[in-house]
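# okay, predicted coordinates and the sequence, questions at the end:
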Amino acid sequence: MLYPVDWLEERSGLVGGVKYFLFRKVPHDINWMQTLGSATLTAFIVQAITGVILAMYYKPDPESAYQSIQRITNDITLGWLVRGMHKWGASLFI
């Protein structure tokens, strides 16, 4: 009987790629600028994804902006998390 991970590995090779990514040796010539560049890229990607999600629900007109933020935070599934990730991602990005 195949386990789900074996099934996934057999069809996609994803598990092998993840193992390579997580357990490979780090080159000796890596410096802090490359590390900070990767962190900045990650923060940008988080900003882009969460920004698109928030843009689907936000209404920018003055009469309903506050209500749309309240709706995102309280009514949308995991809206508080997406909003928080967008806020902290912006702070990290700056």
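Right, received. Where do you want to start?
# may I see the buried residues of whichever strand or helix holds residue 70?
Using DSSP states H and E, residue 70 maps to helix 65-74. For helix 65-74, burial by neighbour count (16 or more other CB atoms under 10 Å) applies to 68, 69, 72. (C-beta placed from N, C-alpha, C; glycine too.)
# and the last one, what is it in contact with?
Applying CB atoms under 8 Å, 6 or more residues apart in numbering, we find residue 72 in contact with 54, 57, 58, 79, 80, 82, 83.
# what about it, distance to residue 63?
In this view, residue 72 and residue 63 are 16 Å apart by CB to CB, to the nearest Å.
# check what pLDDT residue 67 gets.
Note for residue 67: predicted pLDDT of 96.
# same check, this time on residue 72
You'll see residue 72 listed with a pLDDT of 95.
# state the distance from the closest residue to it other than its chain neighbours to residue 32.
Closest residue in space to residue 72, ignoring its immediate chain neighbours: residue 79 at 4.2 Å, by CB to CB, 6 or more residues apart in numbering. Computed with CB to CB, the distance linking residue 79 and residue 32 is 35 Å.
# quick one, which of the two is more surrounded?
Using other CB atoms under 10 Å as the criterion, residue 79 and residue 32 rank with residue 79 on top: 18 against 7.
# the more buried one and residue 70 touch, don't they?
No. If you go by CB atoms under 8 Å, residue 79 and residue 70 don't touch, sitting 9.8 Å apart.
# how is the chain carved up into domains?
What automatic domain parsing lists as the domains of the chain is 1-30, 32-94.
# give me the pLDDT value at residue 1.
Per-residue pLDDT puts residue 1 at 50.
# begin at 47, not 1, for the rest of this chat.
In the new numbering, first residue 47, that becomes residue 47.
# who's in contact with the closest residue in space to residue 117 that isn't next to it in sequence?
Once flanking residues are discounted, residue 117 sits nearest to residue 103: 6.7 Å by CB to CB, 6+ apart. Applying CB under 8 Å, 6+ apart to residue 103 gives the contacts 114, 117, 118, 122, 125.
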